[in-house]
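> structure of the sequence below:
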Amino acid sequence: MKNNHFLPLSPLAAALLAATTGHTAETPAAATITVTGARPSLYDQRGIGLGALGTKDSFDVPLSASSYSDALIENQRARTLNDVLKNDASVQNASVGGAYDHVSIRGYAIDWANTMRREGLSLAPYQDVPLENVERIDVLKGPSGFLYGFNAPGGTVNYVLKRPTAQPFTNVTAELRSASGLYGAVDTSGSFDAERALAYRFNLAGEKVGDMSHNGDLKRGFASAAVDARLGPATLLRLDADYQRKKLAAQPLLGVQPDGQLPPMPDPRTLLGQPWLPYETTTHNLGARLEHQLNDRWSVVAQLGHSVNRRDAVFPDIYGVQPNGDITSGDVYVSPGQRFQATSAQAYLSGEVQAAGIGHELVAGVSARRYTADDGGFIVLGDTVGNIFRPVYSPAHDIGAAPAKNHTLIRQDSVFASDLLRFNDQWQALLGLRHVAYAKDATPAGGSVQIYRQNVNAPTAGLIYRPLATLMTYVSAARGYEEGGVAPFNSANAGEWMDPIESRQVELGAKWAPAAGLAFTLAAFDIDKGLEYVDPASNRYVQNGRQRHRGLELSASGRVSPVLELSSSATLLDSELRNTGNAATEGKRAANTARLQASVFADYRLPVQGLSVNGGVFHVGARPLDNQNTVELPGYTRLDLGLRYATQLAGRKATLRAQVENAADRRYWAAASYASVYAGKPRTVSLAMDIEM
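Numbering: from 1, shown residues only. A predicted model of the protein is given here:
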């Protein structure tokens, strides 16, 4: 079994753990909640990675963040980001059809090209990141311009990778899943030398569901490697690489009926694209991280990452549906050979000093990012399936040569610095600033290059007060920026580039650790960002007005008792569009934002040796289809159930798992995008066995 935790422990919780178990903050046990047989990391790294702040314990920073461990991922049999982040009530499913996972955070859609991170560095966009080599997924809430540069205002998702472990092991997993699903994986760790100065961890996985004739059918292969090299007593080099090839049945969004009402809901397994036109991606990621401890107070970190996604993009579209299921309008957009590439690097110095009786935790560094995209060049096919209840697929045929691609180059260079001031045991403050030099060169297919340059400053500030040893309260303010849009072809200023869009946030919060391994958090936030739209009076694409989201988040996670662990959250969200210049949207709620979203997942150890049960209830309230609020997607509540049994098979440790997603087979709309909807998963059953070889 691997580390079984829901949240990293704060120093306060670690102190409580030391008092009750004898473990100290330097031991792996203080870094995670463990179960019998837990396998600590070879070089344990505590806390949450926070970009320009380095790695921090979440209880030491005036920011809202959540973390989801590999134990939670395994016990829920999660495969993709949406499978994991259903546990976070601040995250909304925003899938754009069946191509890849897409989410919103605090009601704001992520910017795929900037928001998704791997070990803090940029990922190439539009890929379903595999989870086999992921130790945990961290979600930072709110604008993160200071931490990462240009980004969406809702927050940032960061994948933290598995590293070589202190004890060697090999674990084999086999799984049967609904719809003739087959899955197998190997996770192994060891060392190349007796002193364990050079250690490795490899992951392999293969999966197949169906034959591409149903929604949800897929085929993929995955491989990864992580190597840790201790170059000296104070120097550690970490290398990693992974590769995935994935083919997925392409499923469209569904447009509305002629009267503007939601379309009728088909069977979620019915494929409404073409079986012979799947969405395919081939991705690889490379990473390197060098850590050097200068002395007991100062260290330096340097990172380099390279991420590539090559895709054959297929987007079937259904724009309108009759009540009887007849498709009134639709097509298929196809663009083979698209390529997205992100290369990023950062280096920073961190340390502690005392000055005038005030402690300072300082971080200063530089970062650089190069992003290129060869996309567009779509072929438009008239193939539709005719009716969403009785689809008729067209014969496979030659789609012809794709048009030339658009080419985009984005450069983003930054310098950043922060100071976490400690006045005494009760009062701390955070000050931070990032200066970003942003440059974009866009060359439309057959056109001339368009050049855009902009420099921005992204500050953050926060104040922490600890009224109790186990309670931390804070107030913080942050500013962020995201890339501006381009005036559409039918506007009076077609092709004009907009300035970066500024976002601002004020947040009040509290974090309480009443016992070792148990944490409660509360955050109230107010975020607003600039709007872009075509002004109906002038027909010009303009930046004007604001999109404001105010909300309240609560969470309770960790070990409630020796036999019960919990991951739960709830979010109340009020969204409003203001000064839009359009009476149809003025004062309306933003699309796909529920006023209430809540989740609770509990894992209970039964009084039978090795036997545990788990269950999750996930509620999403009603959401507007579009910014005009013409119609709402009904709210829904979904139930997941699971059973786990740890035993011995032929003298080897084994874990048997049974999991049922959407146990009641509830039909529901999972997401709204582009004034269209996407159906949620049907009941899915999986039976899995892990055995340690």
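> R117: neighbouring residues, count only.
By the measure other C-beta atoms under 10 Å, the count of residues near R117 is 24. Every residue, glycine included, has its C-beta placed from N, CA and C.
> one more: the one 10 residues further on?
Around Q127 sit 24 other residues, with neighbours defined as other C-beta under 10 Å.
> show me the contacts for it.
The neighbours of Q127, taking C-beta atoms under 8 Å, 6 or more residues apart in numbering as the test, are 100, 244, 281, 283, 309, 311.
> over to it. Which of the three states is it?
Look at Q127: counting by DSSP: H, G, I helix; E, B strand; the rest coil, its state is coil.
> separation between it and L248?
Q127 sits 11 Å away from L248, going by C-beta to C-beta, to the nearest Å.
> for this structure, what spans make up the helices?
11-21, 28-31, 70-75, 81-85, 112-115, 145-148 (DSSP state H).
> in terms of secondary structure, what does the third one contact?
In this structure, helix 70-75 packs against strand 134-141, strand 652-661, with contacts taken as 3 or more C-beta pairs under 8 Å, 6 or more residues apart in numbering; DSSP states H and E.
> run the last query once more with 6 Å
Packing partners of helix 70-75 (3 or more C-beta pairs under 6 Å, 6 or more residues apart in numbering; DSSP states H and E): none among the helices and strands.
> for the residue nearest to the spatial centre of the chain, report the pLDDT, please.
Nearest residue to the geometric centre of the chain (C-alpha atoms, centre = their mean): V157, 3.9 Å. Listed pLDDT for V157 reads 94.
> how near is it to Q92?
With C-beta to C-beta as the criterion, V157 and Q92 are 13 Å apart.
> show me what A458 is bridged to.
On the basis of DSSP bridges, A458 is bridged to R434.
> so what's it up against?
Contacts for A458 (C-beta atoms under 6 Å, 6 or more residues apart in numbering) come out as 145-146, 434, 479.
> run the last query once more with 8 Å
Counted by C-beta under 8 Å, 6+ apart, A458 has contacts 143, 145-146, 149, 433-436, 478-481.
> just the buried residues of those residues.
Buried subset of those (neighbour count, 16 or more other C-beta atoms under 10 Å): 143, 145-146, 149, 433-434, 436, 478-481.
> now those residues as JSON lines including pLDDT?
Output for the buried ones among the contacts of A458, formatted as JSON lines (pLDDT from 0 to 100):
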{"residue": "P143", "pLDDT": "89"}
{"residue": "G145", "pLDDT": "89"}
{"residue": "F146", "pLDDT": "92"}
{"residue": "G149", "pLDDT": "91"}
{"residue": "L433", "pLDDT": "97"}
{"residue": "R434", "pLDDT": "96"}
{"residue": "V436", "pLDDT": "95"}
{"residue": "A478", "pLDDT": "95"}
{"residue": "R479", "pLDDT": "93"}
{"residue": "G480", "pLDDT": "92"}
{"residue": "Y481", "pLDDT": "91"}
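> top strand in the chain by residue count?
Taking DSSP state E as the assignment, the strand of the chain that covers the most residues is strand 327-355.
> which helices and strands does that strand pack with?
Strand 327-355 makes packing contacts with strand 121-122, strand 298-321, strand 358-375, strand 379-381 when contacts are defined by 3+ C-beta pairs under 8 Å, 6+ apart.
> tell me what the nearest residue to L239 once chain neighbours are set aside is bridged to.
Once flanking residues are discounted, L239 sits nearest to V227: 4.6 Å by C-beta to C-beta, 6 or more residues apart in numbering. Beta-bridge partners for V227, by DSSP bridges, are Y200, L239.
> what distance do you get for the most far-flung residue of the chain relative to its centre to L421?
The C-alpha centroid of the chain is most remote from A356, which lies 41.5 Å away (C-alpha atoms, centre = their mean). Going from A356 to L421 by C-beta to C-beta gives 11 Å.
> and what of E576?
35 Å.
> any shared contact partners between Q127 and L248?
In contact with both Q127 and L248: no residue, using C-beta under 8 Å, 6+ apart.
> so F59 touches A513, yeah?
Yes: using C-beta atoms under 8 Å, F59 is in contact with A513, at 6.7 Å.
> ok so, going back, overlap of the contact sets of V157 and Q92?
Here V157 and Q92 have 103, 105 as joint contacts, going by C-beta under 8 Å, 6+ apart.
> residues touching Y319, list them.
Contacts of Y319 by C-beta under 8 Å, 6+ apart are 255, 328-330, 676.
> swap the cut-off to 10 Å and go again
Y319 makes contact with 252-256, 327-331, 384, 674-676, according to C-beta atoms under 10 Å, 6 or more residues apart in numbering.
> for the stretch 351-500 of the chain, give me the ranges with low pLDDT.
Counting by pLDDT under 70, the stretch 351-500 of the chain contains low-confidence residues at 489.
> all strands for it, in order.
Taking DSSP state E, counting those that start in this stretch as the criterion, the stretch 351-500 of the chain carries its strands at 358-375, 379-381, 406-422, 427-443, 450-468, 471-482.
> and those strands, which is most packed in?
Of all those, strand 471-482 carries the top mean neighbour count, a mean of 22, counting by mean count of other C-beta atoms under 10 Å.
> chain center to it: distance?
Put simply, strand 471-482 sits 20 Å off its chain's centre (C-alpha atoms, centre = their mean, to the nearest Å).
> what is it packed up against?
helix 112-115, helix 145-148, strand 427-443, strand 450-468, strand 501-515, strand 518-535 (3 or more C-beta pairs under 10 Å, 6 or more residues apart in numbering; DSSP states H and E).
> and the angle from that strand to strand 427-443?
20 degrees (axes from the mean of the first three to the mean of the last three C-alpha atoms, to 10 degrees).
> please begin residue numbering at 51 from this point
With 51 as the first residue, the last one maps to strand 521-532.
> partners of strand 521-532 in the sheet?
Applying DSSP bridges to the sheet, strand 521-532 is found paired with strand 500-518 (antiparallel), strand 551-565 (antiparallel).
> of those strands, which is nearest R339?
Nearest to R339, of all the strands paired with strand 521-532, is strand 500-518, at 23.8 Å by C-beta to C-beta.
> roughly how far apart are A708 and F651?
Note on A708: its distance to F651, by C-beta to C-beta, is 16 Å.
> show me which of the two is the more surrounded one.
Higher neighbour count among A708 and F651: F651, with 24 against 15, using other C-beta under 10 Å.
> list the contacts for the more buried one?
By C-beta under 10 Å, 6+ apart, the neighbours of F651 are 56, 118, 122, 125-126, 136-137, 607, 615-619, 664-668, 690, 692.
> would you check that the residue nearest to L289 makes contact with L287?
Yes: using C-beta atoms under 10 Å, V277 is in contact with L287, at 8.2 Å.
> what is in contact with these two at once?
Common neighbours of V277 and L287 (C-beta under 10 Å, 6+ apart) are 248, 338.
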